[in-house]
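1. sharing a model that was predicted from the sequence below.
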Amino acid sequence: MKMNIKQYFFLLPLALVLFSTSNLYAQSDYPNRPVKMIVGFPAGGAVDGAGRMMAQILQKAFNQTFIIENRPGVGGMLAMQEVARAAPDGYTLAVGSAGPLTVSPSIFKKANFDPRQSLAPIIWFVNNPGIVVIRKDLPVNNIAELVKLSKTKELNMASAGTGSVLHLMGEYFQERMGVKWVHVPYKGSGPALTDMVAGRTDVALELVPSAAPFVKSGQLRALAITSSKRLNVLPDIPTLAELGYSGLDMGSWMALLAPKGTSPEIINKLNQALNEAMKNSELIQKVNAGGGELVGGTPQDLTNQMNKEIPRWATIIERLNIQPD
């Protein structure tokens, strides 16, 4: 049977409604199979830890498997790009952090990757302050002595990788202190800290959740915290500010994102489940005990944070002329 033009335009809106309704229904049972959560750093670091925490929360909330997959490389950007290329169906998510989302795009310019154009924010999960750590046998006891030694002896600085926020924090710290360390990049905080424990590197600006266990066990020593106030997890470690070094309140944060084009329903489901879990006092205490702070909020809050930090780090990267290794 032929359809005339009037019948076509009459039925088209109905067809669109039916299509959108069926599409919504198909998403309403999300997730109905395992979900991959891609982490851009190896197991053992703060980003991996935050990802596993979110996976446990979501697994419990939806009674479905959420699998962490570690894809280290290029300051965490390889993982973000992998998620950006994935189908926007909610079954491949990115555990992002400040490094690949706000620092690396300005260092790896040839990658032509803007996370704001390629990824859909879900939630800003946690903030983590930084900490200055040294190998346990380095002959210094405070920041002033570290600066003095750095001017007479070549020291190696470990980082979670070129383009990571920890790399940039270390470079900015050196600029402010008037010293220069040899950068030794690793594929994440885990291997960087392990090598420092073995005595292969001298100093690092790390995140408290990653470094605190090594400091508490005596395998590494901490000289200062980069946050504005002391932390309960390491109450004896002073802040850089109280030691007289202002403007060095630095750290990182972890977040959850999806491929651009993922439906708002799926994003809202994930956002609401994580926000609800963040009200749990035990979770709050657990994160605080590790040196972190839960954030939460809307997807727009995460977008605002990225919009604020990308130009700030880009200015510092350009001024210091930080290049890929």
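-> Yes, it's here.

2. now stretch 189-207: buried residues?
-> Buried residues in stretch 189-207, defined by neighbour count with 16 or more other Cβ atoms under 10 Å: 189-196, 201-207. For every residue, glycine as well, the C-beta is placed using N, CA and C.

3. same question for stretch 218-228.
-> For stretch 218-228, the neighbour count (16+ other Cβ under 10 Å) marks Gln219, Leu220, Arg221, Ala222, Leu223, Ala224, Ile225, Thr226, Ser227 as buried.

4. mind checking which of those residues land in strands?
-> The strands, defined by DSSP state E, take in Leu220, Arg221, Ala222, Leu223, Ala224, Ile225 from the buried residues of stretch 218-228.

5. the last one and Ala211 touch, don't they?
-> No: at 10.3 Å, Ile225 and Ala211 do not qualify as touching, with contact defined as Cβ atoms under 8 Å.

6. any idea how far Lys60 is from Ser281?
-> Look at Lys60 and Ser281: by Cβ to Cβ, to the nearest Å, they are 16 Å apart.

7. these two: which has the busier surroundings?
-> The neighbour comparison of Lys60 against Ser281 (other Cβ atoms under 10 Å) goes to Lys60, with 12 against 7.

8. what pLDDT does that one get?
-> Looking at Lys60, its pLDDT reads 96.

9. elements contacting the strand or helix carrying Tyr172?
-> Here Tyr172, judged by DSSP states H and E, is contained in helix 165-177. Other helices and strands packing on helix 165-177, by 3 or more Cβ pairs under 8 Å, 6 or more residues apart in numbering; DSSP states H and E, are strand 119-135, helix 143-150, strand 156-159, strand 182-185, strand 203-207, strand 251-259, helix 299-320.

10. please repeat the previous calculation with a cut-off of 7 Å.
-> In this structure, helix 165-177 makes packing contacts with strand 156-159, strand 203-207, helix 299-320, judged by 3 or more Cβ pairs under 7 Å, 6 or more residues apart in numbering; DSSP states H and E.

11. mind listing what's buried in that helix?
-> Within helix 165-177, the residues that count as buried by 16+ other Cβ under 10 Å are Val165, Leu166, His167, Leu168, Met169, Gly170, Glu171, Tyr172, Phe173, Gln174, Met177.

12. from the residues you listed, which is closest to Lys260?
-> Ranked by distance to Lys260 (Cβ to Cβ), the buried residues of helix 165-177 are led by Val165 at 22.6 Å.

13. ok, that closest one - contacts?
-> Ser97, Ala98, Gly99, Val103, Ser252 (Cβ atoms under 7 Å, 6 or more residues apart in numbering).

14. tell me how many other residues surround the last one.
-> In this case it means Ser252. With other Cβ under 10 Å as criterion, Ser252 counts 30.

15. for the second one, same thing?
-> By other Cβ under 10 Å, the residues close to Ala98 number 29.

16. ok, the fourth one next?
-> Other residues lying near Val103 total 30 when counted by other Cβ under 10 Å.

17. got it, and the third one?
-> Neighbourhood size, Gly99 [other Cβ under 10 Å]: 29.

18. how near is the spatially most central residue of the chain to Val126?
-> Nearest to the geometric centre of the chain sits Ser97, at 1.6 Å (Cα atoms, centre = their mean). Remark: distance between Ser97 and Val126 (Cβ to Cβ) = 10 Å.

19. domains in the protein, by residue range?
-> Split into domains by automatic domain parsing, the chain comes to 27-128+252-320, 129-225.

20. in JSON lines, list those along with distance to Val233.
-> Supplementary listing: the domains of the chain in JSON lines, determined by distance: least, Cβ to Cβ, whole Å:
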{"stretch": "domain 27-128+252-320", "distance to Val233": "4"}
{"stretch": "domain 129-225", "distance to Val233": "5"}
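
21. ok so, going back, spit out the residues that contact Ile225 and Ala211 alike.
-> Ile131.

22. quick one: low-confidence ranges for this structure?
-> 1-27, 325 (pLDDT under 70).

23. out of the helices and strands packed on helix 165-177, which gets nearest to Ile67?
-> helix 299-320 (22.5 Å).

24. by contact count, what packs against that closest one?
-> With contacts taken as 3+ Cβ pairs under 7 Å, 6+ apart, helix 299-320 sits against helix 104-107, strand 119-135, helix 165-177.

25. mind doing that once more with 6 Å?
-> helix 104-107, strand 119-135 (3 or more Cβ pairs under 6 Å, 6 or more residues apart in numbering; DSSP states H and E).

26. would CSV of the ones you listed with mean neighbour count and distance to Asp48 be doable?
-> Output for those, formatted as CSV (neighbours: other Cβ atoms under 10 Å; distance: least, Cβ to Cβ, whole Å):
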stretch, mean neighbour count, distance to Asp48
helix 104-107, 24, 17
strand 119-135, 25, 12
